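**Student:** take a look and give me a structure for this.
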Amino acid sequence: MPERTIKVYKADNSGLGSKPLQGSNVEPDSRPFHVTHKDLTYGLTGPGLGPNVRRYIGGYAKHVQLYGDGRLCKTSPHSSGWIEFPDLFHFTQHTVGCAIISAHFGSDLLRIHSGFMDDLWAVDAGFPWFARCVPRFLRPGPYRARDRLISNLMDWYAYARDRFDGSAIDEDGDGDPAWGSGLSRRRQKTLREIREHDDRAIASLDLGHSWGLTKTLGTNRIHNKPNDSQPDKNILDLLDPKVLQSNSLLCSIYAETLRLHGTSHLIFRASADAHLGRWLLPRGSIGLISPGVLHQDAKFWNTCDGQHPISEFWSDRFLVYPNDPNSGPVSPVYRDISYSSPKKRQDNVDNDNNQPYFTMDGTEGAWYPYGGGEGICLGRFLAKNSILATLAYLVLEFDIEPQVESMVVNSWRFGLSVNQPRYTTPFKIRRRPSDKE
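**Tutor:** As a prediction, this is how the structure comes out:
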C-alpha cells in the first residue's frame, strides 16, 4: 500500500462505529476503518451474505470439475477408476479459492488473469517472510507475485467499470457480471470517498481481502461419517445452508477442525484502558491473542478421560449425547451446568431416539478462531456456510483417499492463518455412483 495511504490509517483513531470514539479528531473522509467495517458488515453478515453463499455453492462444483485440466469432468459416475493427484491441500485450496474469489469478484477476474490464483498462493506461501519483515532482495518471489496481483486488480477495475450495467444486477439485488457482488461494487464507491484511496490503494486492500477470503475456507477436513443424507435428492438442495446446519455431526466436525487448526494470532488495539487481572493494557496499546494456545488447553476441553487427546481430531467433541452426562465440548470438571439437564437444551433433542446434538455452550472465550469483540471476523458466517457446503459436497459426490499415513503441520506458519501441512499429500479420488445408477 502507498505510504501516503498508510498515513491515513495510522492517524485514524476514531474506531469502527458510526460515532467516532471520544477524543478522536479525524475528519469523516479520514475514517477508513469505519468505512471498511460498515461495508464488510453489509456484504458478509447482512443482505450480501445469502447471495455470496449461493454463488459460492453454485460455483464450487464447477471448479472441482475443472481441477487438473478437467480430469474429474471426464470420468463417468459409472467408472470405478481412481484418479491420482499430487497434493490434497492444493486441491482443496485451489477449488475453494477459485469459487470464493469468483463469488465475490465475478468470474471475469480469473478468466482475464488466469494466473491470479497461482500468484495468490505464492503470496500465501511467502506470508511467513512478510510477517518477519524479510526484505525483497532476499525473497523476491512473493513480492513479485504481490505486485502482479495488484496490477491484475487495477486492470480488472478498468474492465469492470467499462462493462458494468445496472440493469444486469441479479434478481437478488447483489450479484452482477462486472463487479461480481454488491460488496465489491460498494467498496469501489465508499473507499474512493476516503482520502488517498485510488485504484492502487484499493487494489492493496482487495489483495488482503482476497487472501482473507480464502484462508479460513481452506481448513476443510475430508471425513466420511456425515454421508447419511438422502442421495436421491438434488445435490444443491442438500447443500442448502439450513439443511447443512441441521446436521449435528457436520457442525461438530467444523468446530473441531477450527479448534485443532485455527491458530491465527489476533492483533488488536485497545480502544479504552483494559484491566487484565493484575495488568493494565492502556488505551491505544497493541495486544495479541493466540487462539492456538486456548484451543490446546487440556484441562478445559473434554477428552473423554484421555481417550481423545486435544492434539488429535475427534469428530464428536462438540456433540452432546442426552444419555451421557460426560459428553460435550467442555471437560465435566469445568462445567457450571450439565449439558443434559437444562430444558432449553433438551428442546433441541429428538427424545424418541436420543440423537446427539451440536453445541458450543460453555466454549465462549476458549473457541476463538474468528477473534471476538467488535473486531471479530465479519466473514465467519460466510466461512461456516461455505466450509459445510464444501465438505458435504465432497463427501456426497466423491471417495477421497490420502496416500499418506499422517499429515505433519507446518510449524513455520503457526499463528499466521489456519494450519497447513508441511509436506505435499498425494491422494486419489473417484466419483461415488448414485443410488439411481
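
**Student:** so Tyr368 touches Asp297, yeah?
**Tutor:** No: judged on Cβ atoms under 8 Å, Tyr368 makes no contact with Asp297 at a distance of 11.1 Å. (Each C-beta comes from the backbone N, C-alpha and C, glycine too.)

**Student:** state the helix or strand in which the residue lying closest to Pro241 once chain neighbours are set aside lies.
**Tutor:** Excluding the flanking residues, the one nearest Pro241 by Cβ to Cβ, 6 or more residues apart in numbering is Asn385, at 4.6 Å. Assigned by DSSP states H and E, Asn385 falls within helix 380-397.

**Student:** what do you get for Thr36?
**Tutor:** Per DSSP H and E: helix 32-44 holds Thr36.

**Student:** flag every buried residue along that helix.
**Tutor:** 32-40, 42-44 (16 or more other Cβ atoms under 10 Å).

**Student:** packing partners of the next helix or strand along the chain from that helix?
**Tutor:** Downstream of helix 32-44, the next assigned helix or strand under DSSP H and E is helix 49-70. On a contact count with 3 or more Cβ pairs under 8 Å, 6 or more residues apart in numbering; DSSP states H and E, helix 49-70 meets helix 32-44, strand 83-85, helix 88-105, helix 235-238, helix 380-397.

**Student:** mind putting these into JSON lines with mean pLDDT?
**Tutor:** JSON lines is the format used below for the helices and strands packed on helix 49-70 (pLDDT from 0 to 100):
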{"stretch": "helix 32-44", "mean pLDDT": "94"}
{"stretch": "strand 83-85", "mean pLDDT": "93"}
{"stretch": "helix 88-105", "mean pLDDT": "94"}
{"stretch": "helix 235-238", "mean pLDDT": "67"}
{"stretch": "helix 380-397", "mean pLDDT": "91"}
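
**Student:** relative to Cys251, which of these is closest?
**Tutor:** Closest approach to Cys251 among the helices and strands packed on helix 49-70 is made by helix 380-397 (7.3 Å; Cβ to Cβ).

**Student:** can I get that closest one as CSV, trimmed to CA atoms?
**Tutor:** Output of helix 380-397 as CSV, limited to C-alpha atoms (Å, rounded to 0.1, in the frame of the first residue of the first chain):
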residue,chain,number,x,y,z
ARG,A,380,-17.3,-16.0,9.9
PHE,A,381,-20.8,-16.8,8.7
LEU,A,382,-19.7,-16.9,5.1
ALA,A,383,-16.8,-19.2,6.1
LYS,A,384,-19.0,-21.6,8.1
ASN,A,385,-21.7,-21.9,5.4
SER,A,386,-19.0,-22.4,2.7
ILE,A,387,-17.0,-24.9,4.7
LEU,A,388,-20.0,-27.0,5.5
ALA,A,389,-21.1,-26.9,1.8
THR,A,390,-17.6,-27.9,0.6
LEU,A,391,-17.3,-30.8,3.0
ALA,A,392,-20.8,-32.1,2.3
TYR,A,393,-20.3,-31.9,-1.5
LEU,A,394,-17.0,-33.8,-1.4
VAL,A,395,-18.4,-36.5,0.9
LEU,A,396,-21.6,-36.9,-1.1
GLU,A,397,-20.0,-36.9,-4.5
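
**Student:** which residues does the residue nearest to Pro356 when sequence neighbours are not counted contact?
**Tutor:** Nearest residue to Pro356 in three dimensions, chain neighbours excluded: Leu319, at 4.3 Å (Cβ to Cβ, 6+ apart). Going by Cβ atoms under 8 Å, 6 or more residues apart in numbering, Leu319 touches 248-249, 252, 327-328, 356-359.

**Student:** among those, which are located in strands?
**Tutor:** By the criterion of DSSP state E, membership of those in strands covers 357-358.

**Student:** between the contacts of Leu319, which is closest to Ile169?
**Tutor:** Nearest to Ile169 among those is Phe358, at 36.5 Å by Cβ to Cβ.

**Student:** and Gly17, how far is that from Ile289?
**Tutor:** Going from Gly17 to Ile289 by Cβ to Cβ, to the nearest Å gives 21 Å.

**Student:** for Pro369, same thing?
**Tutor:** In this view, Pro369 and Ile289 are 11 Å apart by Cβ to Cβ.

**Student:** who has more neighbours out of these two?
**Tutor:** More neighbours surround Pro369 than the other of Pro369 and Ile289, with 23 against 15 (other Cβ atoms under 10 Å).

**Student:** with neighbour numbers in mind, choose between Tyr368 and Asp297.
**Tutor:** Neighbour count, other Cβ under 10 Å: between Tyr368 and Asp297, Tyr368 has more, with 22 against 12.

**Student:** now the more buried one: how far from Thr257?
**Tutor:** 14 Å.

**Student:** in the contacts of Leu319, find the pair that's most separated.
**Tutor:** Checking the contacts of Leu319 with Cβ to Cβ, the most distant pair is Leu249 and Gly328, at 14.3 Å.

**Student:** give me the more crowded residue out of these two.
**Tutor:** Shown here are Leu249 and Gly328; by other Cβ under 10 Å, Gly328 has more neighbours (27 against 19).

**Student:** where does that one fall, phi/psi-wise?
**Tutor:** When read as degrees, to the nearest 10, the backbone of Gly328 gives phi 110, psi 160.
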